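J.: Sequence plus the predicted model coming up.
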Amino acid sequence: MSVLLMDYNWTEILKRKEILRLVFAGFDPNIVAKMEEMEIMEITSNKALLLAECRVRCIVDNAKCIIKIVKERGSFSSYIWGYVNHKPLNNKYKLARDVPPRTPKADSISKDLIKRGFRFLSPVIVYSFMQAAGLTNDHLLDCYRHNQCVKLAERSWRHI
C-alpha cells in the first residue's frame, strides 16, 4: 500500500482499505505476484480506486520482489526488521515539525529495495512505511499513544 502514497495520503488510502484488500487478495504477495493482464486491467478500470495502470503493475512487480526476499531471508518481516535490529526505534519528538520526512535508515532501506528491483520506493515512502509498520515510534511525547508504543518496543521481540 505504501506505493499508493505517490497518489494519496494515508487517510485516503485507509478510506479505500477494504476495496484495496479485496482487489489485492488480502495483500498476499504470493497471489498478487501472479496477477495477469486481465486482473491488472480490471483493477485499473475500478472507479472506486482510481489507480493508474503503472501503479498497479508496480504493486504486482513489488510483490514479486517480496517473494524473492522471502526465499532469500525466510520472511519479509525478518528482512525489514533487521534494519532496526528487530526492535522498534523510539523517537522523542516534541513538535510535529521535528518529525523528519525521511532518515538515513530509510535512505539505506530504500536503496537496497531499489537494488532488489522494487519501484516507487523513495526514502520518504519507506519512512512512512516504517512509521505505519511500527519500526519507528514517531508519536509526539505528549501523544497519549507515545508511552504505550514505548512499552511495546521495550518488550522482547520476535519477528518471523
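T.: Happy to help now that I have it.
J.: hang on, residue 69 packs against residue 115?
T.: No - Residue 69 lies out of contact with residue 115 (C-beta atoms under 8 Å); the separation is 11.6 Å. Just so you know, the C-beta spots here come from the backbone N, C-alpha and C atoms, and that holds for glycine as well.
J.: okay, these two: which has more neighbours?
T.: residue 69 (21 against 8; other C-beta atoms under 10 Å).
J.: Please name the residues that touch that one.
T.: Residues in contact with residue 69 (C-beta atoms under 8 Å, 6 or more residues apart in numbering) are 76, 79, 116.
J.: what's the next secondary structure element after the helix or strand harbouring it?
T.: Element membership for residue 69 (DSSP states H and E) is helix 53-73. Downstream of helix 53-73, the first helix or strand assigned by DSSP H and E is helix 76-82.
J.: Could I have the CA atoms of that following helix written out in PDB?
T.: Output in PDB follows, covering the C-alpha atoms of helix 76-82 (Å, rounded to 0.1, in the frame of the first residue of the first chain):
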ATOM      1  CA  PHE A  76      10.000 -10.100   4.500                       C
ATOM      2  CA  SER A  77       9.400  -9.200   8.200                       C
ATOM      3  CA  SER A  78      12.800 -10.600   9.200                       C
ATOM      4  CA  TYR A  79      14.500  -8.700   6.400                       C
ATOM      5  CA  ILE A  80      12.900  -5.300   7.100                       C
ATOM      6  CA  TRP A  81      13.100  -5.600  11.000                       C
ATOM      7  CA  GLY A  82      16.800  -6.500  10.600                       C
END
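J.: Does the residue nearest the centre of the chain belong to a helix, a strand or coil?
T.: Centroid check for the chain by C-alpha atoms, centre = their mean gives residue 129 as the closest residue, at 3.8 Å. Recorded secondary structure, residue 129: helix (DSSP: H, G, I helix; E, B strand; the rest coil).
J.: I'd like to know how far it sits from residue 62.
T.: Plainly put, residue 129 is 12 Å away from residue 62 if you go by C-beta to C-beta, to the nearest Å.
J.: Could you report the pLDDT at residue 139?
T.: Note on residue 139: pLDDT of 94.
J.: cool, and residue 2?
T.: 61.
J.: going forward, begin numbering at 289 instead of 1
T.: OK, 289 is where the count begins now, so the last one is residue 290.
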